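Engineer: Could you look at this predicted model? Sequence included:
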Amino acid sequence: MLAGLLRASLAGDEKAYAEFLHRAAALVRGFVRRKGGMDTEDVVQETLLAIHLKRHTWRQESPVLPWLFAIARYKLIDAWRRRGRRIDVDIDDFREVIAAPEPQEALNERDLGRVLDALPAGQRSVVSSISVDGNSISETAEKLGMNETAVRVALHRGLKALASKFGRGGA
């Protein structure tokens, strides 16, 4: 039945196409819900859009359901990737289990200056901007007139040099 609707729509029957999309949406909606999909309607809409854009790729002698569910599966995977595999939990639920952080002695400005003086000027300015001032990579790049890749390289090299010099081994 679904294949007949899609064949008719490819031949130009708009009513058949509307009915095909209506039935396909119901099938995809159930598929996404069964697979544990979040944002079900977003995945359904993305799938319907992909079906619309790729309907010419369906071979009319082939069954339509495997083609439709393959598109839905890829759109569901894309949604999972966008969401990530994270689970949000309230930290208060684990207050007794999590150890309190150990107090650390703060570096005073003079000590911090000595540590940073161990670096070449370019690395020093990048490490200082990001690690001390709290600027982002892009803010640092703009501030220092560098591209973001150069900032990342200078930061990595600077932190690696500091780790080697002050007993943390190589990064």
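Structural biologist: Okay, I see it.

Engineer: neighbours of residue 11, just the number please.
Structural biologist: 10 (other C-beta atoms under 10 Å). Every C-beta, even on glycine, is put in place using the N, C-alpha and C of the backbone.

Engineer: just the helices in the chain please.
Structural biologist: 2-10, 14-34, 40-54, 64-83, 109-117, 121-127, 137-144, 148-165 (DSSP state H).

Engineer: Please work out which of those is packed deepest.
Structural biologist: Ranked by mean neighbour count, those are led by helix 121-127 with a mean of 19 (mean count of other C-beta atoms under 10 Å).

Engineer: now the closest residue to residue 41 other than its chain neighbours: how far from residue 140?
Structural biologist: Nearest-residue entry for residue 41: residue 29, 7.8 Å, with adjacent residues in sequence omitted and distances by C-beta to C-beta, 6 or more residues apart in numbering. Note on residue 29: its distance to residue 140, by C-beta to C-beta, to the nearest Å, is 46 Å.

Engineer: Next: residue 66.
Structural biologist: For residue 66 relative to residue 140 (C-beta to C-beta), the value is 51 Å.

Engineer: How confident was the prediction at residue 96?
Structural biologist: pLDDT recorded at residue 96 is 60.

Engineer: Which of the helices and strands in this structure ranks last by mean pLDDT?
Structural biologist: helix 109-117 (a mean of 76; mean pLDDT, DSSP states H and E).

Engineer: And for it, what's in contact with it?
Structural biologist: Applying C-beta atoms under 8 Å, 6 or more residues apart in numbering, the contact partners of helix 109-117 are 107, 124, 127, 128, 132, 162, 166.

Engineer: can I get the residues you listed in JSON lines with distance to residue 151 and pLDDT?
Structural biologist: Conversion of the contacts of helix 109-117 to JSON lines gives the following (distance: C-beta to C-beta, whole Å; pLDDT from 0 to 100):
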{"residue": "107", "distance to residue 151": "23", "pLDDT": "55"}
{"residue": "124", "distance to residue 151": "13", "pLDDT": "88"}
{"residue": "127", "distance to residue 151": "10", "pLDDT": "87"}
{"residue": "128", "distance to residue 151": "12", "pLDDT": "88"}
{"residue": "132", "distance to residue 151": "15", "pLDDT": "82"}
{"residue": "162", "distance to residue 151": "16", "pLDDT": "81"}
{"residue": "166", "distance to residue 151": "22", "pLDDT": "72"}
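
Engineer: Make CSV from those residues and add distance to residue 73 to it.
Structural biologist: Shown next, in CSV, are the contacts of helix 109-117 (distance: C-beta to C-beta, whole Å):
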residue, distance to residue 73
107, 52
124, 51
127, 45
128, 48
132, 47
162, 47
166, 50
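
Engineer: Surely residue 135 is in contact with residue 129?
Structural biologist: Yes - between residue 135 and residue 129 there is a contact under C-beta atoms under 8 Å: 4.8 Å.
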